[in-house]
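J.: Provided below are the primary sequence and the corresponding predicted coordinates.
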Amino acid sequence: MTIALIYLAVVNLVTFFLYGIDKWKAKRSKWRIEESTLLWWAAFGGSIGALLGMKAWHHKTQHKKFTIGVPAILIAQLIVAGILLLYYYAE
């Protein structure tokens, strides 16, 4: 359980800062982080970091694949986490 929490903390911090870095690069017309990369980081456990990054950096807030996709990923992750916790504590 501790390893999972450490993993989630790290992946969410990385995701949060990836959104910030991409916003910084967008303002300076530099090479950007691909949208698929940002979404994959959210899907691999960084959905909270992605949402916080979208809010903090005001980034990707006009793109439906982010405004709908990231919350949908978070909901799916919460459902899976709930099922796993129920299974874990049922034994």
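T.: Yep, it's here. Numbers count the residues shown, from 1 in each chain.
J.: where along this protein do the helices fall?
T.: Per DSSP state H, the chain carries helices over the ranges 2-27, 35-41, 47-57, 64-67, 69-90.
J.: and those as a markdown table, adding mean neighbour count and mean pLDDT?
T.: Heads up, the C-betas are built off the backbone N, CA and C, glycines and all. Putting these into a markdown table (neighbours: other Cβ atoms under 10 Å; pLDDT from 0 to 100) gives the following:
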| stretch | mean neighbour count | mean pLDDT |
| --- | --- | --- |
| helix 2-27 | 15 | 97 |
| helix 35-41 | 17 | 98 |
| helix 47-57 | 21 | 97 |
| helix 64-67 | 14 | 96 |
| helix 69-90 | 13 | 95 |
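J.: centre of the chain versus stretch 14-29, how much separation?
T.: In this view, stretch 14-29 has its centroid 14 Å away from the chain centroid, taken as Cα atoms, centre = their mean, to the nearest Å.
J.: 52 is where my numbering starts, stick with that
T.: With the count now opening at 52, the last piece we talked about shows up as stretch 65-80.
J.: check contacts around the nearest residue to Gln128 once chain neighbours are set aside.
T.: Nearest residue to Gln128 in three dimensions, chain neighbours excluded: Ser98, at 5.8 Å (Cβ to Cβ, 6 or more residues apart in numbering). Neighbouring residues of Ser98 by Cβ atoms under 8 Å, 6 or more residues apart in numbering: 63, 66, 121-122, 124-125, 128.
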